[in-house]
Every structure is written in C-alpha cells, then in structure tokens.
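In: Predicted coordinates and the sequence they were generated for:
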2 protein chains.
Amino acid sequence: MVKRTPEQAEETRRKILAAARHLFETKGYRDTSIAAIVDEAGTTKGALFYHFSNKEALFREVWTELQLEMDAETRAAAAAAISSTDPYAAFLAGTRVYFKWASTEAYQRIVLTDGRAVMGLERWQEDDDRLGRNNVANGLRYLAKQGHISEARIVPMSVMLLNALNGAGFSLSRKDPGVTADNLFEAFEELLRGLR
Amino acid sequence: MVKRTPEQAEETRRKILAAARHLFETKGYRDTSIAAIVDEAGTTKGALFYHFSNKEALFREVWTELQLEMDAETRAAAAAAISSTDPYAAFLAGTRVYFKWASTEAYQRIVLTDGRAVMGLERWQEDDDRLGRNNVANGLRYLAKQGHISEARIVPMSVMLLNALNGAGFSLSRKDPGVTADNLFEAFEELLRGLR
DNA sequence: AGTTTTACATACCACTGGTATGATAAAGCA
DNA sequence: TGCTTTATCATACCAGTGGTATGTAAAACT
C-alpha cells in the first residue's frame, strides 16, 4: 500500500519530525543523516522529501517547535508571577524559565548551536527576534515604564541580557567550577537590578 | 616535481590555510568544500590532507589563528589603558576591542557561529576558556580586588558579560534599529558599572 | 651512489543530500 | 459503479563530498 488516508499521512509526518528532533537533539545536525532519520521513523526517504522540501527545512520545523514550547512556558511563568510589590518579579520569573531551557542539551544543540550555523544568520535572526528577544524587550519595556531602566537602552540591553542567559546556560551544563543554577541566576539578577 | 624544500612546503601549507580562512570567513564551514579550498590555494587534496588530518582540524587551525589575533589585540589595548583614576578603564578598553572583533563577519562566522557547531562543545569550551573567558575573568578579578564586584561572582559574571558582548556584536552587524557601536558599548558599560 | 623519507598528485571509495520514476490505494466524478 | 485523477509514499539513481590508497619524484641522509 502506498497511498494513505490524510490521518495516516499526518502520522508519518509526525513520526519523521519526532525522529528528526530526537536525533538532532542528541547527535546534532551534521551527524544526523537523512537515512538515520527515516530509519528511526520507520519510513523512507520518499516520505521525508514528500513532507519536507529538504533537510534544512525539516530542521527549521524542529527548531520552531522547540522555540514555541519555550516561548509558551516562559510567557506563562512571567504572567503568573506579576507582583504588585516587586516590578522585577514577572521579568525575573520569565528569565528564570528561559535560563532553565538554555541549560538543556536539546535547546543548546538545536537553537543556540546548530540553529545559527544551519539556517543562515538572516533567518535565524528573523525568527529569534520574534521570540526570545521580543520577550526580553517587552519585559524591559515594562521596567522602563516604571523608571527602572532607560528607555533608550531597551534594545541593546535586551540583546545583551538574552545572550548573558545563553552563556549562563552553557556554563551550567559545562559544569564550570563553583557554578550552580542558583548561583548563576542570582548573578543575573544582580546584573539586572544594578541598572539604574 | 613532487617533493619540495621545507620552505616550499611551509609555503603551500600557508596557502592552504589562507584559502581556507578566506572561504570559511565568507561562505562558512558547510558551504566550503575541500575542492574549493585547494582550488583557491592552487594545490591538490593530496597536499591538504598531508598537512592537515581532516577538514575539522584545518578549521580548528583557522579558528585558533583568529582567536590568537583577537587575544593579542585585546590584551594590548587593556594593558595600554591602565589608569590610576578609573579602575574600570583597562577592562573597558579590552572589552571595547573585543566588541569590535565580535562585530566582524569573520569572527562571527568562524568563532561564534561555526566554531560551536563544528568542533564539539567540549573542545570549543576548552579553547574558548583559555582565551576570551579567561581574559574577562582576569579583568573582573582585578575589579574584585578593588572591591567593585563580589569575588564569588567572578565566574558567572565573566561568562555572562562575554556572551553579552557577543550578542552586542551580532546586534550591531544585523543593524538593529537605533543601535550603534557606541550605543551598545555604553549600555555594556552601564551594565558593568551597575554592579555594586 | 644508493637508500630513505618528504611532499605532494592522482585515482579511487563509501556515503551524503537530493531527484526522478514508479507504484498503489484513496478521492473525486460520470 | 466504473473510470480518472491525485495524494502518499517506495525505490532506483545521481552528482558531489570528505577521506584513503597508491604512485612518484625530488630532497635529504648515509
């Protein structure tokens, strides 16, 4: 049988995505061959190239999947932590969750490491802007309205703080001596609250 | 003629390195084939694989070359800027130079983007520690001795500040609206001086 | 002078991402 | 219901890739 019902087709597409995500997360983009993906998914190259135009497009879908999950979780955490006493609370809750993501091997491999190299810089920046950076910028905008940070600094600060968190994630997973998750995040909080 | 004098051999090795560097900088690791490198270098695959064990080793040499150049320049700038009035002066001078490097396409491609993806994380971290991060950590150690920053924060802060600068470099070269080199670096300085 | 070693050049190979073609069952239509 | 079309793959194939094996000539050494 070669033709399936739409539900069956959707299922094979899902299987391919799952296999690709698993392999990209554990072995990285370069060391994951199309053959390995379809093997793990239990299908063939024909199916893969029918559902995805090429390896890079498949990767981009996995990338987006991860980013959307991260985005939803951080936004939810920030929204849940809005406080009337501490204006930093919501922002810090969101960044804390992001930091947790940035400490996972999956996020590091797919988003922070391979993402930049595989997708061109242009595309990576486009999409990255929409998610991580926009969230940080929005958080900072809120703090700026309260007068805790300069309005003109929102953009540069959002870039730097987001990358600071990325670096913190790498540092944690590389087990730098004397570094823990709390340790790192407190340092980040100090960095943030130090802004005028 | 197939065998050359040692000087000639060193020359072809140099040519291969130069061609590889040029192509890695402009096209990236993945889009640069061995054939293209030896073509630009005016030699053959035999020569390349005689001088370098594989494509990754060749890349790592280019990577190290760039890092050493950056390292020398930043250290020199920091040393030249030591001031008796402002304890931050030397550190800021060094980071300013590093920021300049982080804004170039070459450094972004080779060190910040492809380096992580090509070399494994382990190797990248090893070498990165020796250079960029160690310099930042030393600068912070100096500030800590003067009491401008907590001793316990040196490691986490060095990671985060270095990555903040990397992000700033990307932001600049991507021409984020309302962002300039001075703009970004002033924000970085604010971030640093805000630390207790 | 003869032998060994260095510095390549060339031919070759397994594998890769991607394409072209073929096959078959579902869906649309008369 | 029968016929055609089309969606969903499976298979065979291809150009290009990083890497290896082999050949070879000049330098270096004894």
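Out: It's in. Residues are numbered from 1 along each chain as shown, chains lettered A, B, ... in the order given.

In: Would you state the helices of chain A in chain order?
Out: Assigned by DSSP state H, the helices in chain A fall at A:6-27, A:34-41, A:45-51, A:55-80, A:89-102, A:105-107, A:115-118, A:121-128, A:134-145, A:154-173, A:181-193.

In: how many other residues sit next to the closest residue to residue A:194 other than its chain neighbours?
Out: Nearest residue to residue A:194 in three dimensions, chain neighbours excluded: residue B:194, at 2.9 Å (C-beta to C-beta, 6 or more residues apart in numbering or on different chains). Any C-beta I mention is one placed from the backbone N, CA and C, and that applies to glycine too. Burial of residue B:194 is recorded as 14 neighbouring residues (other C-beta atoms under 10 Å in any protein chain shown).

In: And residue B:194, how far from residue B:101?
Out: Counting by C-beta to C-beta, to the nearest Å, the gap from residue B:194 to residue B:101 is 24 Å.

In: just residue A:185 next, same as before
Out: For residue A:185, the distance to residue B:101 (C-beta to C-beta) stands at 28 Å.

In: cool, residue A:157 as well?
Out: Going from residue A:157 to residue B:101 by C-beta to C-beta gives 21 Å.

In: In terms of neighbours, single out the busier of the two.
Out: When residue A:157 and residue B:101 are compared for neighbours, residue A:157 comes out ahead with 28 against 23, by other C-beta under 10 Å.

In: tell me the angle the helix or strand of chain A with the lowest mean pLDDT makes with helix A:154-173.
Out: Every helix and strand of chain A was ranked by mean pLDDT, DSSP states H and E. The lowest is helix A:121-128, at a mean of 71. Interaxial angle, helix A:121-128 versus helix A:154-173 (axes from the mean of the first three to the mean of the last three C-alpha atoms, to 10 degrees): 90 degrees.

In: what residues does helix A:121-128 touch?
Out: Applying C-beta atoms under 8 Å, 6 or more residues apart in numbering or on different chains, the external contacts of helix A:121-128 come out as A:60, A:63-64, A:67, A:115-116, A:119, B:108, B:113, B:170, B:174.

In: Which positions in chain A make contact with DNA strand D?
Out: Contacts of chain A with DNA strand D, taken as C-beta under 7 Å from any atom of the strand, map to A:2-4, A:6, A:8-9, A:12-13, A:43-47, A:50-51.

In: ok, of those residues, which one's closest to DNA strand D?
Out: residue A:46 (1.7 Å; C-beta to the nearest atom of the strand).

In: mind checking how far the residue nearest to residue A:194 is from DNA strand C?
Out: According to C-beta to the nearest atom of the strand, to the nearest Å, residue B:194 stands 46 Å off from DNA strand C.

In: isn't that residue right up against residue A:196?
Out: Yes - counting by C-beta atoms under 8 Å, residue A:196 is a contact partner of residue B:194 at 6.9 Å.
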